[in-house]
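A.B. asks: Sequence and predicted structure below; questions after.
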Amino acid sequence: MKHELKFTLNGQPYEIYIKPKTLLVEVLRDELGFTGTKRGCSSSSCGACTVMLNGASVKSCSILALQANGAEVVTVEGLAKGAELHPLQKAFLDHGAFQCGFCTAGMLMSARGLFEENATPDVMTIKEAIDGNICRCTGYNSIVRALTAVSKGEYKEES
Amino acid sequence: MSKYSVIGTRVHRVDGVEKVTGTAKYTFDMVLPNMLYGKILRSPHPHAKILSIDTSKAEKLIGVKAVVTGKDTIGKKQGIWRRFPELCDEEILCREKVRYIGDAVAAVAAIDEDTAEEALDLIEVDYEPLPAVFNPMEAITEEAPQIHEGVELNININRHLEWGNVDDAWKDCDHIIEEQYVCSSQAHVCMETHDALASFDHNGKLTIWTSTQAAYYIQVLAADMLGIREGDVRCINPYTGGGFGSKFELDSAQFCAALLSQKIRRPVKIVLNREEEFTATKRRTPMYYFVKLGAKKDGTMLAKEVRVITEGGAYTAMGATALYLTGFFSSFPYKYPNYRYDGYRAYTNTAPTSAMRGFGAPQSTFVGESMIDNLAEDLGIDPIEIRRKNGMTPNYVVPGQAWIQSCGLHECLDAIEKHVKERGKLPPNRGIGVSAYGFMSGGIFNWFDTPYAFSSAIVRINIDGKVDLFTGANEIGQGSNTTLSMICAEALGVKLDDIRIHSADTGICPPDLGAWGSRETLMNGNAVKRAAEDAKNQLIEFAAAKMGINIVYDMDIKDGWIHLVDRPERGVSYYDIVKDAIRGKDGEAIIGRGHYTPHRKGMISPAYSFGVQAAEVEVDPETGRYKLVNVTTAHESGTVINPVGIEGQLEGAIMMAGGYGFCEDQPMDEGKILNPSIADYKLIRALDMPETEILEIDTYEPEGPFGAKEAGEGLTNPTAGAIGNAVYKAAGVRIRHLPITPEKVFRALEAKKKQEK
Amino acid sequence: MIKDFEYLAPKTLKDALTLLDKYKDEDHKVIAGGQSLLVLMRQGLVAPQYLIDIKGISELSYIKSDAKEGLKIGALTTHRAVEKSPVMKNGYSVLSEMEKRLASVQTRNWGTIGGNICHGDPAGDPAPVLIALNATLKVAGLKAERTVPAEDFTLDYFETALEPGELLVEIQVPSPRPRTGTAYSKFNIIESDMATVSAAVSVTLKSDNKTCDDVRIVLGAAAPTPRRAKKAEAVLRGKEVTDSLLKEAGNVASTEAEPLSDIAASAEYRQELVKVMVARIGREALARAKKA
Ligand SMILES: Cc1cc2nc3c(=O)[nH]c(=O)nc-3n(C[C@H](O)[C@H](O)[C@H](O)COP(=O)(O)OP(=O)(O)OC[C@H]3O[C@@H](n4cnc5c(N)ncnc54)[C@H](O)[C@@H]3O)c2cc1C
Ligand code: FES
Ligand code: FES
């Protein structure tokens, strides 16, 4: 039997009907077409599927979509405002914080979760925040540099 | 100031905005109308005869649209060493026999993934298990079962390299050491698993979108395996989530998707799951090394003899190349007057081993750099000094093998020596190990037997001055689209923003052998540069005519300004001349063409990069646990085209090669990989990553575009060796079996304590 | 592939217990954060017909503490909430330290401390710490409530003392006695990984601030369940705790461990690690006790 799922995605309310076993990542990618969020392992180990759920980063491959009933979800598609990139995105571009880009959405959302909690994290806190995200390309240090620059206030959100 | 406008500048990647906004589409993200989802049934046996396959129940399941087995194929065996038919040994969908746990036996296309998976459970395969062999040393004995018909002692291939006279040289050596090493397996762990979306139309033409390093190879091999013409296959590599050597052979996702689509004439998409990615795709070649090394008292190395047996797994794959390169790079980066290598690749009933970043050189460098430290210690010589004494120099010729033009090894040694000094006296239980390395910039070998140039490019200049660059190069994350766009912009004299690159779509791009062997920057870079210059020369003709220039003047384009080289203020706008030129050519767009195939550079590669790395570790003597504290690399890769790209390659290599040295492994039980998940396969994460420093050494490679050469795979070579040497310095134990896990260090420490008692 | 199931999402504890009672003889499963359960369901190892989702029961998510009653944590409190709670500073900081190294931030943001304990993984981080802290677990069924000492809760690999129809509802940690110090650490190769071996030690000193009045030593990932090393405790109890005595305790603890060999480490190596870990963490606990 399908169940109703009502939630907000990147500010837009959605009401859909899904099988209870549907995972949050499947709703985002397969039902609603938001393919920016990736899957690298489907077992909560790689972080490619990280999204924000009620202000905290979570792995969308390991959450039943119905558990997001009533929640606010933000994906990588919700970062930029139109053509204006989010400060995190600008920092990633400037610091070459990605290569193949497959981990990038998850990295950005982990970073977003971090800055939501702490506007000026130190390097250890930054590393801890992205430790759940595997990147096979960059070796992480460029990502840490990008986020350190954000932490130092080098990238401000335009209001 | 740099003489270049684009090259060497810190730019945003040309695919950057799409990647940070999540709009970049990977094969993984693609959906076509009417698309079906495919799944592959794999062998649970390491070695078995297929007696029968009954697919009738699966076919009856509602939602299943097609099932294929080996019987639906044209019965060909494929391989990437096409010049040697006996090495093309992989059916992909097995017909008579399975040779490893994970070999494919059937595939299903259904309306959704769940249905396809359910259908797999309904396929009945009757197997007759056969005796199996897993260890290459056992595989090459008389008693071992034969894995491929007619292949005696399971020896898939052997390789011999020799120069000088090794046997005579031993008697001139003051000191000889003989050691054995074991290099482990490693998984590529691309974040995007292998996937393909294949769509046959009713005219019999196939389009296949796939995550690949070599769209051209996939086009050719798919056509061959399906019995259709190359021109009827269009392979498109959209964005690719990592390759590292795992994605340039035709794989089960591509072949099964294509075969299913051929049968049902609907688009079929197959995405391997992470477990299949670990167990049923290829991996780094495990190697058993037996080495003898001799030197004079003063540290001059006179002779080296290397014997290697590699675990081939079930098929040849790119293992033949790995076997060759590990032999060649065992001599690197030193001038051995006498050298002998014998390598044997044994078939085993394990997942096939193949290419992985570094291609046999990380193994040989680990062994070689461990041994040179041992030799130095025996002789009482400083490790950097012994490397300096024997290290390659510019214009060195490896006897009968290769001509090395640019080489900055000695400058790298100087830089690392300075770095080590600067670290000062280390706290207890810390140690710094060094490791020197070199690598090629693309291979000269043509085992694929392509009739085309190794790299080609086409430049089309449009009326507004915007340039379309068409190249067969494959962007897999390494940044080739950015680097090639930079080369094009520089060569043509326009802004990076003027270039729009179209790559790795065999329907519209000229062929290129792909992104492996660190070849794109040098080889495709040369092709792109030549194409851009061809177009530029056409524009200059028009500019010269328009300006009425005295023919003694030389003209060039820089920053969109076509000008006299000696009087740069005299010129015309590039954008204006483009309009004139197109009008002057009767409306034909300006097209420039370029290609590159290396010639007269020996048998291996047109150019080589070098470097030296220092790894610092801190060992906990009570547990053997050690931490990677710092990894500093001095390296040279010719002219640096894309500095951000090189930094990323280097840091990424340390994550991967550090993992090879420290924790990554694929333990098996009777051919079954025991850790086929990211939770169990240990990968270095952000908190484990050491601090990294890069010391850039200037060189110029005459063979490369603007003097550039590789900076991709070579960077994976030194780290395991540097870690091994650092552990030795810190704890006094030498580990000869990768990975150097804390448990191994602990056991060695215990053994040492016992010995000292 | 996850098999289809019927989904029930009670919003109150009472509704949950009623549902559980109704389905207790059926093939059912409780899901909290699902961080452990969904992995098993995806592999087909668990395929319940009814899935009862308790994650939305907000009354089970809380952290309270007072000097008399000690610390109370609702079973559905997330790992991250425990880690970040200022309450942990009142003598429970070891819980916060333990949580900080449990999995990744994302998993801690969604996974619950109760779910972790009910999963019964011998390598789990919270259980050894809670046992060292002498915690009690409150378990509720529709008809009755009971409490189980944390050390008696895990019965075997992935098996707990929960009866069908019961939920873990609260974790109760007594206020630490004066001069008590507790420490925990895990050994692993990748920082945020599951433990290869872990140990928690809690030491209470006599008023001379030297002699061990009481001690609890708990080993993780060293046996089918988190396990107290009681013989090792006996080595320390009533004695002045010195480095060499701690070493001896470590050696004895190692004889009490019954680790397995797996891909992460051999049983022998785990045994050696127990020796080192117990001595080191004991030293840390002692230092904390002296300061407390
Ligand atoms: C990548 C990864 C890394 C991890 N690393 C660690 C680690 O380092 N250390 C560590 O300790 N853990 C680790 N874990 C395990 C995990 O974090 C916890 O076990 C998890 O948080 C459990 O909580 P949950 O709420 O998600 O439980 P669920 O997965 O929902 O449930 C787990 C089990 O408990 C039962 N259950 C849950 N709540 C209750 C309840 N209140 N009453 C009765 N039964 C209940 C469920 O039926 C199920 O059987 C890791 C997990 C992942 C995915
Ligand atoms: S896909 Fe969710 S963590 Fe890997
Ligand atoms: S950029 Fe490729 S995995 Fe991170």
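C.D. replies: Received, thanks. Numbering: from 1, shown residues only, chains lettered A, B, ... in the order given. Ligands and ions are numbered 1, 2, ... in the order given.

A.B. asks: residue in the stretch 251-400 of chain B nearest to ligand 3?
C.D. replies: The nearest approach of the stretch 251-400 of chain B to ligand 3 comes at residue B:357, 13.1 Å away (C-beta to the nearest ligand atom). Where C-beta positions appear, they are placed from N, C-alpha and C, glycine not excepted.

A.B. asks: who's in contact with the residue of the stretch 351-500 of chain B found nearest ligand 2?
C.D. replies: Of all residues in the stretch 351-500 of chain B, residue B:477 sits closest to ligand 2, at 17.6 Å by C-beta to the nearest ligand atom. Applying C-beta atoms under 8 Å, 6 or more residues apart in numbering or on different chains, we find residue B:477 in contact with A:99, A:100, A:101, A:102, A:137, B:240, B:241, B:242, B:243.

A.B. asks: Next one: the first one, what pLDDT does it get?
C.D. replies: In other words, residue A:99. Note on residue A:99: pLDDT of 97.

A.B. asks: and the gap between the residue nearest in space to the middle of chain A and ligand 2?
C.D. replies: In chain A, the residue lying closest to the centroid (C-alpha atoms, centre = their mean) is residue A:109, at 2.5 Å. Separation of residue A:109 from ligand 2 (C-beta to the nearest ligand atom, to the nearest Å) stands at 11 Å.

A.B. asks: Report the secondary structure element holding that residue.
C.D. replies: Assigned by DSSP states H and E, residue A:109 falls within helix A:104-117.

A.B. asks: in the next helix or strand after that helix, what's buried?
C.D. replies: Note on helix A:104-117: by DSSP H and E, the next helix or strand toward the C-terminus is helix A:123-130. For helix A:123-130, burial by neighbour count (16 or more other C-beta atoms under 10 Å in any protein chain shown) applies to A:126, A:127, A:128, A:129, A:130.

A.B. asks: Would you indicate which residues of whichever helix or strand comes after helix A:123-130 are buried?
C.D. replies: Using DSSP H and E, the helix or strand that follows helix A:123-130 in sequence is helix A:141-151. Residues of helix A:141-151 classed as buried by neighbour count (16+ other C-beta under 10 Å): A:141, A:142, A:143, A:144, A:145, A:146, A:147, A:148, A:149, A:150, A:151.

A.B. asks: Stretch B:274-294 now?
C.D. replies: Buried residues in stretch B:274-294, counted by 16+ other C-beta under 10 Å: B:274-289, B:291-294.

A.B. asks: Give me the nearest residue to residue 20, chain neighbours excluded.
C.D. replies: Went with chain A since none was named. Of all residues not flanking residue A:20 in the chain, residue C:7 sits nearest, at 3.4 Å (C-beta to C-beta, 6 or more residues apart in numbering or on different chains).

A.B. asks: that answer is for a different chain, and I need it for chain B
C.D. replies: In space, residue B:20 is closest to residue A:89, 4.1 Å off (C-beta to C-beta, 6+ apart).

A.B. asks: Would you quantify the distance from the one you found to residue A:81?
C.D. replies: As for residue A:89, its distance to residue A:81 is 11 Å (criterion: C-beta to C-beta, to the nearest Å).

A.B. asks: So which of those two has more stuff around it?
C.D. replies: A count of neighbours by other C-beta atoms under 10 Å in any protein chain shown puts residue A:89 above the other of residue A:89 and residue A:81, at 25 against 10.

A.B. asks: pLDDT wise, what is that one at?
C.D. replies: 98.

A.B. asks: How about the host helix or strand of it and ligand 3, touching?
C.D. replies: Per DSSP H and E, residue A:89 falls inside helix A:87-94. No. Judged by C-beta under 6 Å from any ligand atom, helix A:87-94 stays clear of ligand 3, getting no closer than 10.0 Å.

A.B. asks: hang on, the earlier thing: what about the helix holding residue A:109 and ligand 1, any contact?
C.D. replies: No. Helix A:104-117 stays out of contact with ligand 1 when judged by C-beta under 6 Å from any ligand atom, the minimum separation being 13.4 Å.

A.B. asks: Who are the packing partners of that helix?
C.D. replies: With contacts defined as 3 or more C-beta pairs under 8 Å, 6 or more residues apart in numbering or on different chains; DSSP states H and E, the packing partners of helix A:104-117 are strand A:50-53, strand A:56-59, helix A:87-94, helix A:123-130, helix A:141-151, helix B:16-21, helix C:105-110.

A.B. asks: Now do the third one and helix A:104-117, the angle between them.
C.D. replies: Just to be clear, that refers to helix A:87-94. Angle, helix A:87-94 to helix A:104-117, by axes from the mean of the first three to the mean of the last three C-alpha atoms, to 10 degrees: 130 degrees.

A.B. asks: Give the buried residues for helix A:87-94.
C.D. replies: Quick answer for helix A:87-94 (16+ other C-beta under 10 Å): A:87, A:88, A:89, A:90, A:91, A:92, A:93, A:94.

A.B. asks: Please list all residues in contact with residue 125.
C.D. replies: Picked chain A for this. Counting by C-beta under 8 Å, 6+ apart, residue A:125 has contacts A:114, A:118.

A.B. asks: Wait, chain B was what I had in mind.
C.D. replies: B:41, B:43, B:50, B:52, B:53, B:54, B:105, B:106.

A.B. asks: now the closest residue to chain A within the stretch 401-550 of chain B: how far from residue B:76?
C.D. replies: Ranked by C-beta to the nearest C-beta, the top residue of the stretch 401-550 of chain B for proximity to chain A is residue B:477, at 2.7 Å. Using C-beta to C-beta, residue B:477 is found at 32 Å from residue B:76.

A.B. asks: Closest residue of the stretch 401-550 of chain B to ligand 3?
C.D. replies: Closest approach of the stretch 401-550 of chain B to ligand 3 (C-beta to the nearest ligand atom) occurs at residue B:477, with a separation of 4.9 Å.

A.B. asks: Show the backbone phi and psi for that residue.
C.D. replies: Taking degrees, to the nearest 10, you get phi 120, psi -20 for the backbone angles of residue B:477.
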